[in-house]
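1. Sequence first, then the predicted structure, then my questions.
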Amino acid sequence: MEKSEAVANENLRNGGGDGSICGYESLCQLLSSNLEPHLFEEVNRLILGLNCGKALQSVAIPEPAKALSDEHDFDLQAFRFNADREALREPRVVRVGLIQNSIAIPTTASFSDQKKAIFQKLKPIIEAAGSSGVNILCLQASWMMTLRELQEAWMMPFAFCTREKKWCELAEPIDGESTKFLQEYARKYNMVIVSPILERDVNHGDTLWNTAIIIGNHGNIIGKHRKNHIPRVGDFNESTYYMEGNTGHPVFETAFGKIAVNICYGRHHPLNWLAFGLNGAEIVFNPSATVGELSEPMWPIEARNAAIANSYFVGSINRVGTEIFPNAFTSGDGKPQHNDFGHFYGSSYFSAPDASCTPSLSRRKDGLLITDMDLNLCRQLKDKWGFRMTARYEIYADLLARYVRPDFEPQVITDPSLNR
Ligand SMILES: NC(=O)NCCC(=O)O
């Protein structure tokens, strides 16, 4: 292998060892540090788009949150998506937060210590969100801010590569330890929190699901959504652990807007995004756990495309760091056995229906992304582009109804001059 190819492969896998991009926290930081300001402005316009005809505004970060991010060394960024002023409706601005984090202690520690350490690690980041007036919080595929959101299965290491059954012990009922931990913050800060966990459904024979719980701003449980699509790609052997979701595509009407959750691998399915849009979502969160080698080229595209196509905001959250497991595993792909998934590349970000998006959080550090968004932008984009009105759903409904039948025949018209 050429040296440059080996370096490129290593960068894809680990970001050059420490998860950074050649020493930079993010693509935006790499560009801003290396381009003349006027060139950076142009590149930014092309990469991040424009919101109401202008570059996305950053927002002053409240001092207490800044102090917490300095003390606990997490990335903290804040932006604002505007909408046009309307004659008949007031602006509907909500402050939404995304949290990305690495695990806190090695996967060899006791399960109870691992969970406690993650809770401890998240406390200052959630406090920073709460003290900044976040209305909705989402954790990575596992947590959310005042609208908050966390990453996929935030309360445990992402052990779904190993296929070892012992990790099932970390699954929790809907009203379990993680929910109780977050309910306190929801009450304290009048915040809606989206908490993605590995769920144990005790009323149905201990069935496991990959579930996002929506905690209301009074600490109440509004409902849950279970991940619809399970990956069977690379080391993501998740079907060993939980079942395909059975909750459809619910939209949760909260004090701060209509929200939905499309968990991780569901982002590769355009119909999954569409269904949340048809049910009226204004913000869809995509709590994820994914690694550079597998999906990084897709990461900036799929969620942003979904936001445009469905006229809603999307919050994308990914884990950070490399998680090393005690026993080596393989995934039947001929690669040597290994003890980690590769590097979870963070890079959480927001996309807006007008095709603008925020810069991403760090590729290697924990982080909190705070974004104010005027939800009026959703309807304004529907009125402008008419994607929903012009969608011709009836012709697709007809095709899909025929496609799912065993006797379906693809509509292919063959050139009669082809020599068959
Ligand atoms: N957790 C999960 O669904 N990961 C799948 C990998 C990907 O979709 O990038």
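-> Sure, I can see it.

2. Quick check: residues of the protein near the ligand?
-> Selection of the chain residues close to the ligand by Cβ under 6 Å from any ligand atom yields 141, 152, 231, 236, 264-265, 289-290, 294-295. In short, each C-beta sits where N, CA and C put it, glycine included.

3. how about a cut-off of 5 Å?
-> Contact residues, the chain versus the ligand (Cβ under 5 Å from any ligand atom): 231, 236, 264-265, 289-290, 295.

4. Just checking, which of those residues comes out lowest on pLDDT?
-> Among the residues of the chain next to the ligand, Phe236 has the lowest pLDDT, at 93.

5. before we move on, the earlier item: now, the residues of the chain next to the ligand that are in strands?
-> Within the residues of the chain next to the ligand, residues falling in strands by DSSP state E are Phe236.

6. Can I get the residues of the chain next to the ligand in CSV including neighbour count?
-> Listed next are these as CSV, based on neighbours: other Cβ atoms under 10 Å:
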residue, neighbour count
Pro231, 20
Phe236, 21
Cys264, 29
Tyr265, 25
Ala289, 27
Thr290, 27
Ser295, 21
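
7. From the residues of the chain next to the ligand, which land in helices?
-> Ser295 (DSSP state H).

8. Closest one of the residues of the chain next to the ligand to Glu177?
-> Distance ranking of those against Glu177, using Cβ to Cβ, places Ala289 first at 19.9 Å.

9. for the closest one, what are its contacts?
-> 140-141, 151-153, 158, 264, 318-319, 344 (Cβ atoms under 8 Å, 6 or more residues apart in numbering).

10. of the residues you listed, buried ones?
-> In the contacts of Ala289, burial by neighbour count holds for 140-141, 151-153, 158, 264, 318-319, 344, counting by 16 or more other Cβ atoms under 10 Å.

11. Looking at the contacts of Ala289, spot the one nearest the ligand.
-> Nearest to the ligand, judged by Cβ to the nearest ligand atom, of these is Cys264 at 3.3 Å.

12. The closest one reaches Phe285, doesn't it?
-> No: counting by Cβ atoms under 8 Å, Cys264 does not reach Phe285; the two are 10.7 Å apart.

13. show me the contacts for Cys264.
-> 141, 152, 210, 227, 231, 286-290.

14. now those residues in TSV, with distance to Asn327?
-> TSV is the format used below for the contacts of Cys264 (distance: Cβ to Cβ, whole Å):
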residue	distance to Asn327
Ala141	23
Glu152	22
Asn210	22
Lys227	25
Pro231	21
Asn286	30
Pro287	27
Ser288	25
Ala289	19
Thr290	22
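
15. Can you show me the strands along the stretch 101-250 of the chain?
-> Using DSSP state E, counting those that start in this stretch, the strands assigned to the stretch 101-250 of the chain run over residues 135-141, 146-151, 192-201, 207-215, 221-226, 232-233, 236-237.

16. let me fix that: the stretch 251-400 of the chain
-> Applying DSSP E, counting those that start in this stretch to the stretch 251-400 of the chain gives strands spanning 252-254, 257-261, 283-288, 313-318, 320-329, 338-345, 349-351, 367-374.

17. Give me the sheet partners of the fifth one and which way each runs.
-> Listed by DSSP bridges, the sheet partners of strand 320-329 and their directions read strand 338-345 (antiparallel).

18. Now the strand it pairs with - C-alpha only, PDB.
-> C-alpha atoms of strand 338-345 as PDB (Å, rounded to 0.1, in the frame of the first residue of the first chain):
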ATOM      1  CA  HIS A 338     -10.000  -6.500  16.900                       C
ATOM      2  CA  ASN A 339     -11.100  -5.000  20.200                       C
ATOM      3  CA  ASP A 340     -12.800  -1.800  19.100                       C
ATOM      4  CA  PHE A 341     -15.300  -0.400  16.500                       C
ATOM      5  CA  GLY A 342     -12.900   2.300  15.400                       C
ATOM      6  CA  HIS A 343     -13.300   6.000  16.200                       C
ATOM      7  CA  PHE A 344     -16.700   7.400  16.900                       C
ATOM      8  CA  TYR A 345     -16.200  10.800  15.300                       C
END
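
19. Name the residues of the longest helix belonging to the chain that come out as buried.
-> In the chain, assigned by DSSP H, the helix with the most residues is helix 111-131. Buried positions in helix 111-131, judged by neighbour count with 16+ other Cβ under 10 Å: 114-115, 118-119, 121-122, 124-130.

20. pLDDT below threshold where in the stretch 301-420 of the chain?
-> 420 (pLDDT under 70).

21. among the strands of the stretch 251-400 of the chain, which is nearest Lys165?
-> Smallest distance to Lys165 across the strands of the stretch 251-400 of the chain (Cβ to Cβ): 12.2 Å, for strand 320-329.

22. So what's the gap between that closest one and the chain middle?
-> Put simply, strand 320-329 sits 21 Å off its chain's centre (Cα atoms, centre = their mean, to the nearest Å).

23. Nothing else from me, thank you.
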